[in-house]
Each structure stands twice: as C-alpha cells, then as structure tokens.
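Chemist: got a sequence here, can you model it:
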Amino acid sequence: MGEDSCSRASPLSAPVKDNNSQSWVVSSSDVFYHFGTSGASVAVATGITHPLDVLKVRLQMQLVGQRGPLTGMGRLLLQIVNNEGLRALYMGLMPALIRSILYGGLRLGAFATAVTNPVEVIKVRLQMNSGYREAGLIGEMRKIAYDGGIKSLWKGVGPAMARAATLTASQLATYDESKRTLIRWGLMEDGFHLHLISSSLAGTVSTLITAPMDMVKTRLMLQQDSKGVGKYKNGFLCAYQVARTEGTRALYKGGFTIFARLGPQTMITFIMCEKLRELAGLKSI
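Modeler: Next up, the predicted model:
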C-alpha cells in the first residue's frame, strides 16, 4: 500500500457469538467506512503534497545516463514556475487523486498497485512534460496504448509493487512500534501528538528504504525519455545501469524531495485516518 498506510485497519468484520460457534459478519457500512477513511485520507495527503511529487519526478529524471552536478529542489522549483507557471506544479493531479482513492480504499498493497499502475504511468508522464497536459488523462492513456500497446500502461509495475509492499511494511511497523514504545515508556498517551511523532518516524524510515525503488519505478515508466542510454529490461537492470552510468548516489536522486513529500504525506494520512476512524466509530490503527 504505501501512501495508504492507514489501510492496515482493524478487520472489517465483527464477531457474532452464539453458544455453539463464532461467525463473522461484514456489513456494507463497515466496508464503506473502511474504504472511505483510507481513500479520503490518502487523497487529501496526495493533494497537499502533489507539487513535491512533481519536483521528485523531475529530479529523478535529471542527467539520465550521465554524471554531473544536479539541480537542487529549490532551483528546480523556480525554473518550473518561471518557465511553465504555477499550474505546472499540479500537472497529473487528477490521475494522482484517482489513484489515491482507489489505492487507499482497496487496502491491498500489491493488488492495488497493479490495478492502479496505468494511472500512475499517466501521472508521471503528465508531471514530466507540460506538453502532455493538452491531451488530458483519457487522451494520454490512448496515446500510451497506441504507441506501445496496452502492456505499456503497466511499465514499472514490478518495482512499483515491491515499493508498495516495502513502504507499507516499513511505515506500519515503524508507526506501530513507535506508538507502543512511547506509550509503554509512559512518555505519551494515545492522541494527536503521539500520532504526529509516530507518523514522522514512519515517514523517515520508509523514505530511506524505498527511495531507490521509487527512482527505478519512475525511470521504467518514463523510458521514452531514456532512449539515449538504451531500454531498461527490468527493475534490477535499471538499478544496475543507473548506478554504473550515473553513480550509486543517483539511486537517491530526488531523495530529499521524496522525504519532504512522504514525511508530511505519511503524517497527514495517519492523523486524518485516525480521526476519521474515530468519527466513524472504528478502533485506532
């Protein structure tokens, strides 16, 4: 799951006991509340941090196949605003929100990633080139399918699924353990401040672990921009080629931006999800 970290919620079902057996009942309202709290919290976090996602993609595509000085996040931001306008920082927002709602609501990390990968491909193409926005979401999907076939909508799905699984595991494990430790040591009680600190730690750990996977995912999805160095056959060869031609540190291109985005996004997602679950009468994560 990753950005939809609150999706590891308590089970949708509730036990109904009788004298002889225990059964599990799932109501439509349970499904709606769980889907809604996850999807809504991820979508809000995505909308707030989307400009950082645009910067991240642009930074990851710097000097493809080359070594050299990289443009920093601040300077790149000014370049985009001066050359393309503020609107450019929100390119790909619609597919990003669609993916967030489905991805967060489905609550099945690898499966959700596979299902929403076409929307992710469209999103990064729109983010990378302001010229794409004229076609829009549907037009860009048709163009991708026409140029490379339907399968091209699933470029980078392998690294994307690996990243989602790793991101979710690292976020949830760090978040859960942080909460338990702080409560066990008597430093904090369950509430906003505990959720804030725990989600901040979760965002930091997950960024360090998944940044290279995010880089590989972006490069595979934007292979038409990497023809000068040949096609990447798979995620492993992509990582190897990037490290060989651009240096090992290149796997962390855009790393600070990833943290600047993923950190707040993780905090917003967890905190909002916890609040929505409380309002819906659900247990804390």
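
Chemist: in the lengthiest helix in the chain, what's buried?
Modeler: Of all the segments of type helix in the chain, defined by DSSP state H, the longest one is helix 28-60. Within helix 28-60, the residues scored as buried using 16 or more other C-beta atoms under 10 Å are 30, 33-35, 37-46, 49-60. Backbone N, C-alpha and C define where each C-beta goes, glycine included.

Chemist: same thing with stretch 72-86?
Modeler: 73, 76-77, 80.

Chemist: so residue 90 makes contact with residue 50?
Modeler: Yes: here residue 90 reaches residue 50: they are 6.1 Å apart, a contact under C-beta atoms under 8 Å.

Chemist: tell me what the helix or strand containing residue 200 is packed against?
Modeler: Using DSSP states H and E, residue 200 maps to helix 192-221. Counting contacts by 3 or more C-beta pairs under 8 Å, 6 or more residues apart in numbering; DSSP states H and E, helix 192-221 packs against helix 28-60, helix 109-128, helix 157-184, helix 235-246, helix 255-279.

Chemist: low-confidence ranges in the stretch 1-150 of the chain?
Modeler: 1-34, 107-109, 130-136 (pLDDT under 70).

Chemist: what is the neighbour count of the residue nearest to residue 192 when sequence neighbours are not counted?
Modeler: Leaving aside its sequence neighbours, residue 192 sits nearest to residue 271 (C-beta to C-beta, 6 or more residues apart in numbering; 6.8 Å). Residue 271 has 18 neighbours, counted by other C-beta atoms under 10 Å.

Chemist: mind listing what residue 271 touches?
Modeler: Contacts for residue 271 were tallied using C-beta atoms under 8 Å, 6 or more residues apart in numbering; they are 192, 195-196, 199.

Chemist: what does residue 272 give?
Modeler: 6, 40-41, 44-45.

Chemist: closest to residue 102 out of those?
Modeler: For the contacts of residue 272, the closest approach to residue 102 (C-beta to C-beta) belongs to residue 40, at 12.1 Å.

Chemist: how much space is there between the residue nearest to the closest one when sequence neighbours are not counted and residue 231?
Modeler: Excluding the flanking residues, the one nearest residue 40 by C-beta to C-beta, 6+ apart is residue 276, at 6.5 Å. Distance of residue 276 to residue 231, computed by C-beta to C-beta, to the nearest Å: 43 Å.

Chemist: sorry, back to before: show me what the helix or strand following the longest helix of the chain is packed against.
Modeler: Next helix or strand after helix 28-60 toward the C-terminus (DSSP H and E): helix 73-84. Packing partners of helix 73-84 (3+ C-beta pairs under 8 Å, 6+ apart): helix 28-60, helix 255-279.

Chemist: now residue 283: phi and psi?
Modeler: As for residue 283, its main-chain torsions (degrees, to the nearest 10) stand at phi -70, psi 160.

Chemist: surely it touches residue 277?
Modeler: Yes: with contacts defined as C-beta under 8 Å, residue 283 counts as touching residue 277 at a distance of 7.0 Å.

Chemist: okay, those two: which has more neighbours?
Modeler: A count of neighbours by other C-beta under 10 Å puts residue 277 above the other of residue 283 and residue 277, at 21 against 9.

Chemist: I figured that one hits residue 269, correct?
Modeler: No: counting by C-beta under 8 Å, residue 277 stays clear of residue 269, with 12.0 Å between them.
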